[in-house]
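Q: What would the 3D arrangement of this be:
(chains A and B)
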Amino acid sequence: KAGVTQTPRYLIKTRGQQVTLSCSPISGHRSVSWYQQTPGQGLQFLFEYFSETQRNKGNFPGRFSGRQFSNSRSEMNVSTLELGDSALYLCASSKGTPTTNEKLFFGSGTQLSVL
Amino acid sequence: GDSVTQMEGPVTLSEEAFLTINCTYTATGYPSLFWYVQYPGEGLQLLLKATKADDKGSNKGFEATYRKETTSFHLEKGSVQVSDSAVYFCALTTTSGGSYIPTFGRGTSLIVHP
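A: Below you'll find the model as predicted:
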């Protein structure tokens, strides 16, 4: 069974640009959540999607957005990139719904560098 | 809000040494507690979990006990191997509006020398 797949693996952008990251969950998983990992702040929750609807959102500015498609694949978008957005962005999928405390399966992440 | 505090790393040990990584938490209600491990270049993997007070999670020789009285969930292993070198994250989930939201610690890097 394939794991969680994130593309691209690495991205280099400049300030002011926008970026879209993609996440394909494990087959049969319907919940997808996104996290930002930085050395200074650690791992922080961005948002969670289930059935194409955002169910929860972390404490991030509106420049960070996402969506989920009918096949459960998800994308996140960051507009007007800032230097501080440089981070490893991790996606995780789980089998259950947001109201069940299911195990998270993580992808390897997309390393975003903003110059 | 909820928070997780882990000991700062890196923790450097020789092979076969005893490992303890401290984790304490602050949360409303009754959180579930987790340890995740991240190997270089990979995403996080669930190592073990405990869902109620006095539960002990265990996996691959690692153990952690949910201590409600001290709000702690320390990770232990009796004899570490070089292959255990990784970053370890303590985490909790609490409910918010019926959904489970995870909160992670900052991670503790473990380096095991032969």
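Q: Name the residues of chain B found near chain A, please.
A: For chain B, the residues in contact with chain A (C-beta under 8 Å from any C-beta of the partner chain) are B:32, B:36, B:41-46, B:49, B:51, B:89, B:93, B:96-107. For the C-beta atoms, the positions are set from N, CA and C on the backbone; glycine is no exception.
Q: Tell me the buried residues within these.
A: B:32, B:36, B:43-44, B:46, B:49, B:89, B:93, B:99-107 (16 or more other C-beta atoms under 10 Å in any protein chain shown).
Q: what about the chain, any weak spots by pLDDT?
A: By default, I'm working from chain A. A:1, A:98-101 (pLDDT under 70).
Q: could you do chain B instead?
A: Ranges of chain B meeting pLDDT under 70: B:96-98.
Q: Not counting its neighbours along the chain, what's nearest the residue in it that chain A sits nearest to?
A: Nearest residue of chain B to chain A (C-beta to the nearest C-beta) works out as residue B:43 at 3.2 Å. Nearest residue to residue B:43, sequence neighbours excluded (C-beta to C-beta, 6 or more residues apart in numbering or on different chains): residue A:106, at 3.2 Å.
Q: residues in contact with the closest residue to chain B within chain A?
A: Nearest residue of chain A to chain B: residue A:106, at 3.2 Å (C-beta to the nearest C-beta). By C-beta atoms under 8 Å, 6 or more residues apart in numbering or on different chains, the residues touching residue A:106 are A:4, A:90, A:91, A:92, B:36, B:43, B:44, B:45.
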